[in-house]
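> Here's my sequence, what's the structure:
(one chain, ligands or ions: 2)
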Amino acid sequence: MIPYKHEPFTDFSVKENKKAFEDGMKTVEGYLGQDYPLIIDGQRVVTEDKIVSYNPAKKDEVVGRVSKANQELAEKAMQAADEAFKTWRKVKPEVRADILFRAAAIIRRRKHEFSALLVKEAGKPWNEADADTAEAIDFLEYYGREMRAMKEGKKVESRPGEFNQYNYIPLGVGVVISPWNFAFAIMAGTAVAAMVTGNTVLLKPASTTPVVAAKFVEVLEEAGMPKGVVNYIPGSGKEVGDYLVDHPRTRFISFTGSRDVGTRIYERAAKVQDGQVWLKRVIVEMGGKDTIVVDNEADLELAAQSIVKSAFGFSGQKCSACSRAVVLEEVYDQVLERVIELTKELSVGETKSPDTFMGPVIDQAAFDKIMGYINIGKEEGRLVAGGEGDSSKGFFIKPTVFADVDPKARIMQEEIFGPVVAITKAKNFDQAIEIANDTDYGLTGAVITNNRMHQEQAREDFHVGNLYFNRGCTGAIVGYQPFGGFDMSGTDSKAGGPDYLTLHMQAKTTSEML
Ligand SMILES: NC(=O)c1ccc[n+]([C@@H]2O[C@H](COP(=O)([O-])OP(=O)(O)OC[C@H]3O[C@@H](n4cnc5c(N)ncnc54)[C@H](O)[C@@H]3O)[C@@H](O)[C@H]2O)c1
Ligand SMILES: N[C@@H](CCC=O)C(=O)O
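Ligands and ions are numbered 1, 2, ... in the order given. Okay, here's the model as predicted:
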């Protein structure tokens, strides 16, 4: 087995790579508007009721029409997954892992097609779509290897005449509920972590990006996944989501998404239903209000570049996005000025080429919510860049910067999930860390500093699951920077890390007298 190494990103300044991506786009354009059925127990199920997936950059372009599960079909899928678990749990871990390796190989061959689909369905710029596909491949390669490494369990001691073993066994049927913002990577990563550990899966992707999930389940089938192991059941979060979260046969839930939905799931899953004979395991990964702190002893150009890239990459629609910057007063004006300059240089539009930095936000509801926060920001701070939106053709919002914002302001406290950053001043480094920690969330953060003592102070006191020094706060890599947050950012599952798979299993001790 070749050691794991993350999938490289594509350099679009190379002519051949650009052309390969354009070819991927043509492939996707050839199947725009197609219908996709549900996949339950390997069977295609077509419903009259459909979820229509639109291109957020071009509101009238239909990416696909996807059948929509209701509670009756969710029940059918649950029964299929429950039945498939009886055999799948006994399939050797290395055979399960091989399906992931084969799926990774298939996706690698169709890499630019998948990325082009993300451009159309999620409105991603080329580099962000490329990174999303690369991360999906990484999850497959990494979790496959992790499962192989865990197949014999962990070493425990045995006394003379005794043989003790400590092994991991699967849990049962898992409900995997994924968001639209990493429509490929998070959807695929959470689904395969659940399946490679010997569980069967009910996959409910986000309703704005169901097509990439349909294509992925087809890949798993092509890679040899038996029927009933991953069932594809897009549907209304409230109707199908609540039904499955409450279901007594649900053994665990793996959710990634907003705080409102995550806390709702956490609460509902705690209730033991009639006929339920276990306590449900719950993984919930939720939002962030992520901060970059800029020290006075720092590379100020790096600081401004890091703020702008982390705030506006994929239109700020990352749980890791920099939505707050705290800058020491001595260097505040200089950093702010450069952030404004860089922000004004960014291009916004339909991402037809790698040169467009920012595409649209995902839909009308997101557009309205972000514009609402921009209006709040106009009351709470000094608008120094952006502030405008246009939803006539697609959902475009200019990258927006507010300066001199009070740390307690709403735009400094609430997740906006759009291209908006609020900047505030701190008197000293202690106060900067205090402001950075003053949020309900604890997902990512970064410190730009050349002061080693301040770096060590932040290492201890900056309370976030992913802390970065002298770089931005987005872009964790599977197997390199395991990802997950503290406090209201979730259960800190650390996706892409060495503890992640154990969350989908239970440990069994066996002790034999010789
Ligand atoms: N911490 C992380 O790793 C991480 C990663 C990506 C996104 N996020 C967060 O996700 C949010 C954006 O994603 P979103 O808008 O898709 O989130 P969302 O909570 O609206 O939706 C996420 C998923 O939950 C489903 N859902 C909605 N209501 C449900 C219910 N009652 N029961 C079960 N499922 C239900 C949705 O259909 C979707 O599939 C942001 O808050 C972002 O910070 C977090
Ligand atoms: N893992 C991603 C964020 C995922 C959430 O949106 C990052 O590190 O930027």
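> Pass me the low-pLDDT residue ranges in the protein, would you?
Along the chain, no part satisfies pLDDT under 70.
> Quick check: can you list the domain ranges of it?
17-48+62-286+493-513, 290-477 (automatic domain parsing).
> For the shortest one, measure first residue to last.
Just to be clear, that refers to domain 290-477. 18 Å (CA to CA, to the nearest Å).
> Ok, the first one next?
Its first and final residues considered, domain 17-48+62-286+493-513 spans 61 Å by CA to CA.
> Now do the SS call for G394.
coil (DSSP: H, G, I helix; E, B strand; the rest coil).
> I'd guessed it sits against A57; true?
Yes: using CB atoms under 8 Å, G394 is in contact with A57, at 3.9 Å. No exception for glycine: its C-beta is placed from N, CA and C like everyone else's.
> circling back to that earlier point, let me know which of the domains of the chain is the nearest to ligand 2.
If you check each of the domains of the chain against ligand 2 by CB to the nearest ligand atom, domain 290-477 wins as the nearest, at 3.4 Å.
> ranges for the helices of the stretch 201-350 of the chain?
Here the stretch 201-350 of the chain has its helices, by DSSP state H, counting those that start in this stretch, at 210-222, 242-246, 259-270, 300-312, 329-345.
> how about the residues of the stretch 151-300 of the chain near ligand 1?
Within the stretch 151-300 of the chain, the residues that sit near ligand 1 (CB under 6 Å from any ligand atom) are 177-182, 186, 204-207, 237-238, 241-242, 245, 256-258, 261, 264-265, 285-288.
> residue of the stretch 301-450 of the chain with the smallest distance to ligand 1?
C319 (3.0 Å).
> got the contact list for that residue?
181, 285-288, 290, 443-444, 485, 489 (CB atoms under 8 Å, 6 or more residues apart in numbering).
> ok, of those, which one's closest to N428?
Nearest to N428 among the contacts of C319: D290, at 21.4 Å, using CB to CB.
> I'd assumed V326 was in contact with that closest one.
No: between D290 and V326 there is no contact under CB under 8 Å: 11.3 Å.
> The two: who's more crowded?
Comparing D290 with V326 by other CB atoms under 10 Å, the one with more neighbours is D290, at 32 against 27.
> Does T510 lie in a helix or a strand, and which?
Element membership of T510 [criterion: DSSP states H and E] is strand 505-513.
> Partner strands of that strand and their direction?
strand 162-170 (antiparallel) (DSSP bridges).
> Not counting its own residues, what contacts the helix or strand harbouring F402?
Following DSSP H and E, one finds F402 within strand 400-403. Strand 400-403 has contacts (CB under 8 Å, 6+ apart) with 311, 336, 339-340, 343, 374, 377, 380-387, 411, 419-423.
> In the chain, where's the longest helix?
helix 126-150 (DSSP state H).
> other SSEs contacting that one?
Judged by 3 or more CB pairs under 8 Å, 6 or more residues apart in numbering; DSSP states H and E, helix 126-150 is in contact with helix 93-109, helix 111-122, helix 185-196.
> Give me whichever of these is most buried.
helix 185-196 (a mean of 28; mean count of other CB atoms under 10 Å).
> Help me see whether that helix makes contact with ligand 2, please.
No: counting by CB under 6 Å from any ligand atom, ligand 2 has no neighbours in helix 185-196; the shortest distance is 6.7 Å.
> Relative to the whole chain's centre, how far out is that helix?
Remark: helix 185-196 is offset 11 Å from the chain centroid, using CA atoms, centre = their mean, to the nearest Å.
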